[in-house]
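Make a model of this:
(2 chains)
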Amino acid sequence: KAGVTQTPRYLIKTRGQQVTLSCSPISGHRSVSWYQQTPGQGLQFLFEYFSETQRNKGNFPGRFSGRQFSNSRSEMNVSTLELGDSALYLCASSPATSRNTEAFFGQGTRLTVV
Amino acid sequence: AQSVAQPEDQVNVAEGNPLTVKCTYSVSGNPFWYVQYPNRGLQFLLKYITGDNLVKGSYGFEAEFNKSQTSFHLKKPSALVSDSALYFCAVRDTSGTYKYIFGTGTRLKVLA
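Numbers count the residues shown, from 1 in each chain, chains lettered A, B, ... in the order given. Here you go, the predicted structure:
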């Protein structure tokens, strides 16, 4: 069974640009969550999608958005990039979301904003 | 505030010795442990559901759950050099979102 695939693995963007990151979850998983990992803030929840609907959103500005397609693949978009958006962005998939459900993480997309 | 605490930024242990990585939390939910190797995502190690307070997980790891102290310490009887990595304790927030709340991570260094 293929794991969670995130593309691209590495990105370098300039301040003010926008970027789209992609995540293909494990087949059959309907829940996709996104997390931002930085040395200063650690792992922070961005949002979660389930069956094409955003169910939850973390405390991030509106420049961060996402969507999920009917095949459960998800994209995350960041507009008007700032230097502080440099981070490892992790996607996690699970069959559903409950207090006991473990998530399966992709290798992440390393975004560098210059 | 809901939080997950990993009090040690780094733990050093000699190969073959037992290891413990500590986690306490003030989040309503069940705790999990994940491991991250360099330039990789997070890998699930184990989780507490209900029942035995000693949970067995992947790669010989286990975790001790203490309800009164809301702690979930990660343990391994005999550390390997290959266990060197970044370990995260996390709790699913059951207040509505089921998002993970992560600790700050503990870097484990196993010395040969």
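
Return the residues in contact with residue 82.
Just so you know, I chose chain A. Going by C-beta atoms under 8 Å, 6 or more residues apart in numbering or on different chains, A:Glu82 touches A:15, A:113. Heads up, the C-betas are built off the backbone N, CA and C, glycines and all.

meant chain B actually
Taking C-beta under 8 Å, 6+ apart, we find B:Ser82 in contact with B:Val110.

Is it located within a helix, as I assumed?
Yes. Assessed by DSSP: H, G, I helix; E, B strand; the rest coil, B:Ser82 belongs to a helix.

Go through chain B and flag its longest strand.
Across chain B, the strand with the greatest residue count (assigned by DSSP state E) is strand B:85-92.

From chain A, how far out is the residue in chain B sticking out farthest from the centre?
Distance to the chain centre peaks in chain B at B:Gly96, reaching 23.1 Å (criterion: C-alpha atoms, centre = their mean). B:Gly96 sits 8 Å away from chain A, going by C-beta to the nearest C-beta, to the nearest Å.

Tally up the residues packed near the closest residue to that residue other than its chain neighbours, please.
In space, and not counting its chain neighbours, B:Gly96 is closest to A:Asn56: 7.7 Å by C-beta to C-beta, 6 or more residues apart in numbering or on different chains. When neighbours are counted by other C-beta atoms under 10 Å in any protein chain shown, A:Asn56 registers 17.

next one: A:Phe47
A:Phe47 has 23 neighbours, counted by other C-beta under 10 Å.

Tell me which helix or strand it sits in.
Under the criterion DSSP states H and E, the helix or strand holding A:Phe47 is strand A:42-50.

most centrally placed residue in chain A?
By C-alpha atoms, centre = their mean, chain A has its centre lying nearest to A:Trp34, at 3.2 Å.

which outside residues touch the helix or strand hosting it?
In this structure, A:Trp34 is located in strand A:31-38 according to DSSP H and E. The contact list for strand A:31-38 (C-beta under 8 Å, 6+ apart) reads A:23, A:25, A:43-50, A:60, A:66, A:68, A:72, A:74, A:76, A:86-97, A:103, A:108, B:99-100, B:102.
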